[in-house]
Every structure is written in C-alpha cells, then in structure tokens.
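Participant: I'd like to go over a predicted model; first the sequence, then the structure.
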Amino acid sequence: MDAYSLKSRVPGENKEFLIQTTNDVEQGIINTSIYIDGELIDTDALPLSDESSQEQVVNLVKSAHGEKKSELEYLLNSFTKVLQSGQPRMLYHFGTTMFYKRMYVEAQRLFQAAIKLNSEYHEAYFFLSQTEFALGNINEAVASGNRAVELRPAFADYCNNLGEVYLAGNSCKRAAIEFQEAIDKNVYYADAYFNLVLAHILNGINREDFDMSTDMIGKCNDLIKKAILIYPEYQNDTLEKASNALNKGNFKRAYELFAKIRSDKKEKHRQTKAAHFKRYLIYTEWLSEENISERIEYLTKEIDKNPDYVDLYYELGMCYLHDAKFSWQRGAEYFKKALSINNKLKKAQRALDLSEEHLLKIADTITDITEKNE
C-alpha cells in the first residue's frame, strides 16, 4: 500500500499552524498532527483495516485531514468570539479546552479575561497557574497558584499544583510543604506522594534544607510505596530504574527518571482530556444551533464518502441529540410568547411547565452519554 500525505497551513494570531496527515503503512494508522513553529501540539491516530483499498485509504486521509483542519479553524474563530463574550464561565470552559489542546497562549488570555471579570474565580486561577507553568512563566504561575489556594484552601489539587510550580522554581522546601498539605487534605492522593519524592530528591541535589536530607532515601522509598499502593500504574520499568538510581545515590539520574514518569502520566491525562474536547466541542454549553446544523451537514457528506467509518455515525447521533435539544428549547420559547400575550392560557402554561421539566432531562441525558462514552 502506498503512503499518502496532506499538509495545510492555518493562520492564527501572530503565528501559523501546520496540519499534517499521513497514513503510516507499517503501523497501520492514519496520523494527523498539528504543529506551531515546528513544535507538535496535538495528534490523532486512526486505525486502518488491513482490508482497506487504496481508494478508501485516500478518502480516510482526506477526511481525517479535513476534520482536523475544520476543528482547528473552529477553535481559532471561537477563540475571538469567546474572548469578547464577557462571560467568565464561557471564558473558563473554553480556556480549559485550549489548555488541553496545548494552545497555551490562547488559554492564558482566556483565563486572564475570566479573572478580570470575576476576581474570585478560583478554577480560572488554578488553570492559569498551570498555563503559566507550561509557558515557562514560573513567577506568574506561583502568583496564580497561590491565589487559587487562598480562595479554596481545602482543595488538595490546588496545593499539589502550587507545589509543582515551586519545585520547578527549585524551591524544594516550599514545594514539600504544599505536597504535604495536599496529602493532609487527601490521604489517598497518589500524585502528591509521588511529587514529594521529587521534592526530597531535588533537595538532595540542591542541598537546600538539612531536615529534608535526613534519611532521604528511606523517606522516598516509603513515599513511593504509598503512591504505588494508591495508583498501581506507577509501577513500570522506568520506576524500577529510578528506584535503583535513588538507592545507589545517583540522585540526578533518579530525579530525571521520576520526573519522566510524572510527565508521561500528565501527558496521558492531557490526551484523554483533549480527545474529550475534539469534534467541534459539541459537549460545551455554549454551542450554537448553527454549529450543529453545519456539523450535521458535514458528517452526512462524510458518511456518504466513508460508509464504514463507525465514529462518523456516533458523532452524527450526538449532533442530532443536540439538535433536538435546541428544537425543544425553541418550542418552550414559543409557549412563553403565547403566555406573554395571554397569561391565562392554561394549555400554554402546562406545555411550558412540562417542556422545561423534560428539557432538563434531555440535557442531563446528553451529558451522561457524553461523559460515559469518552
């Protein structure tokens, strides 16, 4: 089977995105990737059947490429609209989308806008801290992380994030304090135990705090056991190599390997979240009816071209459910208009009451289907 490749360039604000789609003959997949200035920020892999014909492969490459290009264009167009919306919740939710898509500059602006409108939006501060961290702005990440903790001191995730930021700034003692705070708030917090290992090892390298250095290897081994007990997936070949390096006193190598384990876990989480937000963000609350209509038309055409591509049918089904919700909402609006003309029209009032009650059930059903099938 021949290899096929497509490339497209999509202009952004002060940058250019490159989309590349190829069929990997050896691995039997179609791979679509997005780059910013040569750096990979997102990738999707679509498995190929061994029985696929050349024509089917070409069509799938074109379809996957077109889908990713349309998705990126939608994200960039929506970014401008959302930024001007003046709605903190919308800014925050779209900011998380951009964050998990590794579009950090856009995410930064969205979270900053949300906080400007609501200075106590703790979730926005939490994600802004992570975004600044990803951009290498440690001081800004510390400031946002501290604000999130101030607003919600009981949230273990906020303490753990602040600890990670302090650790990136080589503040081992302060990082350890935050990790311990996270553990005190949630004794089953595997990531906090694992991060505390990193804090102790980095302190062993930097020699910042004498008390932390006492029986450092023993403390780390105990913390590793606790982390694995809660999250067994930590146990792998890299962990074994990291533990061996630690016990031999090769702290720099140990830190490097433990940090890689944490990084790999974070990337797996990011990819899962990024997949949840793909396909035109059809699960967000601010999706418009126009978006759904356009998507239904697009998917219908794609199914005609690729009748055996099962994901297209699934997504089209989801779009029709959203379409039904919009129609139901429109029906309720007309009942309200009828009542505004004649507020004694009992059948209109009954219809409105029932439609609003069932609209909530429809929305909950769509959310339930989405969350349990991602």
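Facilitator: That came through fine. Numbers count the residues shown, from 1 in each chain.

Participant: Where does the prediction get shaky in the stretch 1-150 of the chain?
Facilitator: 1-2 (pLDDT under 70).

Participant: the helices in it, which residues?
Facilitator: 54-83, 88-100, 104-117, 122-134, 138-151 (DSSP state H, counting those that start in this stretch).

Participant: go on, the stretch 201-350 of the chain?
Facilitator: Using DSSP H, counting those that start in this stretch, helices in the stretch 201-350 of the chain cover 210-213, 216-230, 237-247, 251-277, 289-305, 310-341, 346-373.

Participant: Can you check which of these gets nearest to L75?
Facilitator: Closest to L75 of the helices of the stretch 201-350 of the chain, according to Cβ to Cβ: helix 251-277, at 9.1 Å. In this view, the C-beta of every residue, glycine as well, is placed from N, C-alpha and C.

Participant: Helix 216-230 and that closest one, what's the angle between them?
Facilitator: Angle between the axes of helix 251-277 and helix 216-230 is 20 degrees (criterion: axes from the mean of the first three to the mean of the last three Cα atoms, to 10 degrees).

Participant: Could I get the average pLDDT for helix 251-277?
Facilitator: For helix 251-277, the mean per-residue pLDDT is 89.

Participant: before we move on, what about stretch 167-178?
Facilitator: On average, stretch 167-178 scores 96.

Participant: And that stretch, end to end?
Facilitator: 10 Å (Cα to Cα, to the nearest Å).

Participant: And it, how far out from the chain middle?
Facilitator: Here stretch 167-178 shows a centroid-to-chain-centroid distance of 25 Å under the convention Cα atoms, centre = their mean, to the nearest Å.

Participant: Residues contacting that stretch, please?
Facilitator: 133, 138-139, 141-142, 149, 159-160, 162-164, 166, 195-196, 198-200, 202-203, 206, 208-209, 212 (Cβ atoms under 8 Å, 6 or more residues apart in numbering).

Participant: want to try JSON lines for the helices of the stretch 1-150 of the chain, with distance to K248 and mean neighbour count as columns?
Facilitator: Output for the helices of the stretch 1-150 of the chain, formatted as JSON lines (distance: least, Cβ to Cβ, whole Å; neighbours: other Cβ atoms under 10 Å):
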{"stretch": "helix 54-83", "distance to K248": "46", "mean neighbour count": "18"}
{"stretch": "helix 88-100", "distance to K248": "38", "mean neighbour count": "22"}
{"stretch": "helix 104-117", "distance to K248": "37", "mean neighbour count": "21"}
{"stretch": "helix 122-134", "distance to K248": "31", "mean neighbour count": "23"}
{"stretch": "helix 138-151", "distance to K248": "31", "mean neighbour count": "20"}
